[in-house]
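> how would this look folded up:
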Amino acid sequence: MIINIKDLKNKIIYRANYRGTKEMDKLLGSFTKKYIDDLKDEELKLLCELLDYDDENLYKLNQDLQLTIEIKTNKVTELFKNYKYVSE
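Model prediction:
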């Protein structure tokens, strides 16, 4: 299956910005905005997988709290774990 990278990026941006809670919209939205153009195709797929996790565990991952599930470690999860949101 051939994936259009522009369409994939648009899908990722939408999913990152419309999570259900304003806090996660801002956190994931700003993270995605910062890194999306620097990620390679495989890393974009990893970002899609990251967005499949629930907001509670993503927040815990970012804040270095104990998770209730296992999130695989990869370049994207490490970037997100170390990302610090600064309001605009």
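
> Show me where this structure has its helices.
5-17, 22-35, 41-51, 55-62, 75-82 (DSSP state H).

> May I see the buried residues of the longest one?
Counting neighbours by 16 or more other CB atoms under 10 Å, one finds that the buried residues in helix 22-35 are 24, 26, 27, 28, 29, 30, 31, 32, 35. In this view, the C-beta of every residue, glycine as well, is placed from N, C-alpha and C.

> Please apply the same query to stretch 8-18.
Neighbour-count burial for stretch 8-18, counted by 16+ other CB under 10 Å, picks out 8, 9, 12, 15, 16.

> ok, and the closest non-adjacent residue to the fourth one?
Counting by CB to CB, 6 or more residues apart in numbering, residue 51 is the residue found nearest to residue 15 once chain neighbours are left out, at 4.8 Å.

> Next, count neighbours for the one you found.
17 (other CB atoms under 10 Å).

> Which neighbouring residues are in contact with it, exactly?
Applying CB atoms under 8 Å, 6 or more residues apart in numbering to residue 51 gives the contacts 12, 15, 16, 28.

> let's go with 10 Å and repeat that
Counting by CB atoms under 10 Å, 6 or more residues apart in numbering, residue 51 makes contact with 11, 12, 14, 15, 16, 19, 28, 32, 58, 76.

> For the second one, list the residues it contacts.
If you count contacts by CB under 10 Å, 6+ apart, residue 12 has them with 28, 32, 36, 39, 44, 45, 47, 48, 50, 51.

> Just the pLDDT at it, thanks.
Residue 12 carries a pLDDT value of 97.

> just checking, residue 5 touches residue 42?
No - using CB atoms under 10 Å, residue 5 makes no contact with residue 42, being 11.5 Å away.

> ok so, going back, can I get the contacts of residue 51 in CSV with distance to residue 66?
Below are those laid out as CSV (distance: CB to CB, whole Å):
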residue, distance to residue 66
11, 30
12, 27
14, 30
15, 25
16, 24
19, 21
28, 20
32, 25
58, 14
76, 21
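
> Cool, thanks, signing off.
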